[in-house]
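Student: Below: sequence and its predicted model.
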Amino acid sequence: MDEFLFYKIFLLFLGLRTSEQKLSSEDRIVDGAFINITNVPYMLSYRVNNNHACGAAIINKEWGLTAAHCVTPFVDNPSVSLSVRSGSNRHDFGGIIHNVTAFSYHEKYNDRNNDYDIAVFKVYPPFDFNNKTQPVKLPENVNNFNTDWGLIAGWGYFIDFDPMLSEKLQYVIVPKVKRRKCVKDYKGRYEVTERQVCYGFSQGGKDAW
């Protein structure tokens, strides 16, 4: 079976572990498992007309981060309401709703191969930091940034692909795929750029969008 079917290119990787964090065999999961928002307090539900559309992450009290493909369909569309929900295990209940007042996506974003698929947005009211709402932590030293495994959290698919969502926050932990193998498996079907990486198991079983 073609292994490329089981690899996903994660352009917005919200949960890479640093070398100070240990990963046990028990952390390996077959399918998505519930994770409490207190373990990933940076996670946001990015919402379009009050419906979950994408995952996002908190940068600071007023700004968040998501994928460019989550904002570009709504450029210059005043009929669309954009918001995020913070501090909740659920995308449809609890926490606090923040209106998205401005957003900007990378000027080199390419919707054909998802290169530079990154965007930032401003919210109001600002995030109120507590044990359920915190900015994503970045490594102080990039040399201590271990990318062998990645943690991906979210509620499900982008709204255009599939309306089925998990009510509660889910996560998967997947290994990094060597670049040469990833490029080979995608050859002729998808261009893997220098700014993209592949994570996943060749046998499948774990996945995330």
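Tutor: Sure, I can see it.
Student: Would you indicate which residues of the lengthiest strand in the chain are buried?
Tutor: As assigned by DSSP state E, the longest strand anywhere in the chain is strand 165-177. Within strand 165-177, the residues that count as buried by 16 or more other Cβ atoms under 10 Å are L165, K168, L169, Q170, Y171, V172, I173, V174, P175, K176, V177. Just so you know, the C-beta spots here come from the backbone N, C-alpha and C atoms, and that holds for glycine as well.
Student: Which pair in those has the greatest spatial separation?
Tutor: Longest distance between any two of the buried residues of strand 165-177 is 28.1 Å, between K168 and V177; criterion Cβ to Cβ.
Student: how's this structure carved up into domains?
Tutor: 40-139, 148-208 (the TED database).
Student: Between these, which one is closest to A33.
Tutor: For the domains of the chain, the distance to A33 is smallest for domain 148-208, at 6.3 Å, taking Cβ to Cβ.
Student: looking only at pLDDT, what's the mean for the closest one?
Tutor: Averaged over domain 148-208, pLDDT sits at 78.
Student: what does stretch 99-119 give?
Tutor: 92.
Student: which residues touch it?
Tutor: 9, 11-12, 46, 65-72, 81-84, 120-124, 190-191, 193, 195-196 (Cβ atoms under 8 Å, 6 or more residues apart in numbering).
Student: buried residues in it?
Tutor: V100, F103, Y105, Y109, N114, D115, Y116, D117, I118, A119.
Student: first vs last residue of it, how far apart are they?
Tutor: Taking Cα to Cα, to the nearest Å as the measure, stretch 99-119 stretches 16 Å from start to finish.
Student: tell me which residues in stretch 90-99 are buried?
Tutor: Applying 16+ other Cβ under 10 Å to stretch 90-99 flags R90, H91, G95, H98 as buried.
Student: Quickly note the distance from the first one to Y186.
Tutor: The reference is to R90. Computed with Cβ to Cβ, to the nearest Å, the distance linking R90 and Y186 is 34 Å.
Student: what does the last one give?
Tutor: Counting by Cβ to Cβ, the gap between H98 and Y186 amounts to 36 Å.
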